[in-house]
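Chemist: just a sequence and a predicted model for now, questions to come.
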Amino acid sequence: MTLKTLLRGSALGAALLTAGSAGAHVTLTQAETAASGSYVATFRVPHGCEGAATDTVRVTLPEGFYAAKPMPKPGWDLEIETGPYAEPYDNHGTTMTEGPREITWSGGSLEDAWYDEFSIRGSFAGTHEVGEVVYFPVVQFCDEATEAWTATGGEAEGGEGSAPKVTLTQAEAQDGHHHDHGGHGDHGDHGAEAGHHDHHDAGDAQEAAVQVGDLTIAAPFARATLPNQPVGGGYLTITNDGEADDRLTAVTSDASDRAEVHEMSMDGDVMTMRALDDGLVIPAGETVELRPGGYHLMFMDLEAPVEEGATLNVTLTFEQAGEVSIEMPVRAPNAGSGGMDHGDHGDHSGHADHSDHMDHSDH
């Protein structure tokens with residue numbers, strides 16, 4: 001018998017304890033997001049059930065939130081229940097009529113004295129009004145005890161068992177102004193940018209910002225590549241408005257077999273490129289800029305040339321904020337140079353192979 005059958009056969013309404021007995025609710029770490037766009041719903045579970053350890057967490061996904069993908073957790077089994085959507089959604093040109101409707105992590109053990117987070121990435125379809133509150137009902141199971149965080153609408157106003165909720169907002173476009181930081185960084189006269197700044201640089205892109213956890217990702221773009229060019233570059237800014245550092249640990253893209261976070265620096269007239277095996281730290285209260293001549297995303301083993309005017313789908317994974325998907329428009333091969341790109345030396349995404357000037361010893 002599957003876990004889902006067990007839940008339905010338990011007469012859940014009669015078996016649930018009053019969730020108000022707990023001192024803190026299950027909540028979403030990001031309380032606001034755009035009414036249309038990707039969203040990582042991260043649920044913070046702060047305690048067990050009346051002192052008992054949590055062994056199962058079940059989340060019901062709301063209408064209008066589609067193409068959901070849960071993040072696996074070591075030591076926990078993961079079950080995805082699919083079903084039809086109330087209306088079809090357009091997912092990058094593919095019509096989706098059904099998908100995940102309920103996510104369950106089970107078989108773990110989260111002690112009452114501990115807390116943990118469970119994440120699901122998906123997209124809001126824009127079917128909700130700006131300002132509307134959307135609920136994600138959650139049920140905790142702790143051996144024979146249960147906590148239900150399922151109250152929505154008016155039922156949730158009193159706080160008794162209120163479901164985790166997110167308020168939908170209007171996406172904000174960046175102002176599109178480019179700031180030159182030629183004197184910053186530690187890579188010599190060429191100005192290869194280390195990328196940590198006290199302010200938000202939107203680059204030369206006017207894309208809507210994407211939020212995940214305490215991070216805001218803005219101004220993404222990729223450079224077009226030439227035929228037979230095996231690698232390409234991607235750029236963006238990441239602002240950490242939280243009180244703790246985060247770290248970009250992994251990158252994937254639909255344009256390449258693999259992707260990495262790289263740093264470029266100059267040692268005399270030799271350009272050194274290295275992968276950041278430990279990821280890229282995003283310090284609390286700061287903005288990190290990935291730009292030509294400094295930190296950048298490297299798309300490796302390209303499946304086809306990256307053409308100007310196209311859009312790449314890129315997924316970023318952060319140590320604290322979790323996973324988020326962004327759309328990265330492709331611009332000209334020399335886009336975003338702003339005086340910081342040094343001709344064909346570049347970051348693998350220039351016009352030619354300049355092996356005489358580039359050291360790949362760290363690969």
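Modeler: Thanks, I have it.
Chemist: how is the protein partitioned into domains?
Modeler: Domain assignment for the chain, taken from automatic domain parsing, gives 3-169, 188-359.
Chemist: of these, flag the one that's most buried.
Modeler: Mean neighbour counts were taken over the domains of the chain using mean count of other CB atoms under 10 Å, and the top value, a mean of 19, falls to domain 188-359. C-beta here means a position set from N, CA and C on the backbone, and glycine is covered the same way.
Chemist: state the mean pLDDT of that one.
Modeler: What domain 188-359 shows for mean pLDDT is 76.
Chemist: what's the answer for stretch 164-176, then?
Modeler: pLDDT averaged over stretch 164-176 gives 69.
Chemist: now stretch 75-95
Modeler: 91.
Chemist: any idea how far it is from the middle of the chain?
Modeler: Chain-centre distance of stretch 75-95: 18 Å, with CA atoms, centre = their mean, to the nearest Å.
Chemist: what's that stretch in contact with?
Modeler: 2-4, 63, 66-67, 70, 72, 96-109, 123, 125, 127, 313 (CB atoms under 8 Å, 6 or more residues apart in numbering).
Chemist: inside strands: which ones of these?
Modeler: Counting by DSSP state E, those place 66-67, 70, 96-109, 123, 125, 313 in strands.
Chemist: now the angle from the strand or helix carrying Thr82 to strand 65-70?
Modeler: Element membership for Thr82 (DSSP states H and E) is strand 77-91. Inter-element angle recorded for strand 77-91 and strand 65-70: 150 degrees (by axes from the mean of the first three to the mean of the last three CA atoms, to 10 degrees).
Chemist: run me through the strand neighbours of strand 77-91, direction for each.
Modeler: Sheet neighbours of strand 77-91, with direction, are listed as strand 94-110 (antiparallel) (DSSP bridges).
Chemist: wait, isn't Ala148 in contact with Cys142?
Modeler: No: using CB atoms under 8 Å, Ala148 is not in contact with Cys142; the gap is 11.8 Å.
Chemist: so Gly37 is in contact with Gly122, correct?
Modeler: No: applying CB under 8 Å as the test, Gly37 and Gly122 come out as separate, 10.4 Å apart.
Chemist: beta partners of the residue nearest the centre of the chain?
Modeler: The centroid of the chain falls nearest to Val324 when counting by CA atoms, centre = their mean (1.7 Å). For Val324, the beta-bridge partners are Leu316 (DSSP bridges).
Chemist: would you mind measuring from it to Glu263?
Modeler: To Glu263, Val324 is 22 Å away according to CB to CB, to the nearest Å.
Chemist: check Ile326 too.
Modeler: Separation of Ile326 from Glu263 (CB to CB): 20 Å.
Chemist: ok, Leu290 next?
Modeler: 10 Å.
Chemist: who touches both of those two?
Modeler: His296.
Chemist: within the sheet, what are the partner strands of the helix or strand containing Arg58, with directions?
Modeler: Per DSSP H and E: Arg58 is located in strand 54-60. If you go by DSSP bridges, strand 54-60 pairs up with strand 94-110 (antiparallel), strand 138-142 (antiparallel).
Chemist: looking at those, which is nearest to Ser256?
Modeler: strand 94-110 (20.6 Å; CB to CB).
Chemist: in PDB, could you pull the C-alpha coordinates for that closest one?
Modeler: What follows is strand 94-110, C-alpha atoms only, in PDB (Å, rounded to 0.1, in the frame of the first residue of the first chain):
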ATOM      1  CA  THR A  94       4.800  23.100 -24.200                       C
ATOM      2  CA  THR A  95       1.200  22.900 -23.000                       C
ATOM      3  CA  MET A  96       0.900  21.200 -19.700                       C
ATOM      4  CA  THR A  97      -2.400  19.700 -18.700                       C
ATOM      5  CA  GLU A  98      -1.200  17.700 -15.700                       C
ATOM      6  CA  GLY A  99       1.700  17.600 -13.300                       C
ATOM      7  CA  PRO A 100       2.700  17.200  -9.600                       C
ATOM      8  CA  ARG A 101      -0.100  18.100  -7.200                       C
ATOM      9  CA  GLU A 102       1.200  16.700  -4.000                       C
ATOM     10  CA  ILE A 103       4.800  16.100  -2.700                       C
ATOM     11  CA  THR A 104       5.700  13.800   0.200                       C
ATOM     12  CA  TRP A 105       9.000  13.300   2.000                       C
ATOM     13  CA  SER A 106       8.900  10.300   4.200                       C
ATOM     14  CA  GLY A 107      11.100   7.800   6.100                       C
ATOM     15  CA  GLY A 108      13.300  10.400   7.700                       C
ATOM     16  CA  SER A 109      13.600  11.500  11.300                       C
ATOM     17  CA  LEU A 110      13.600  15.200  12.200                       C
END
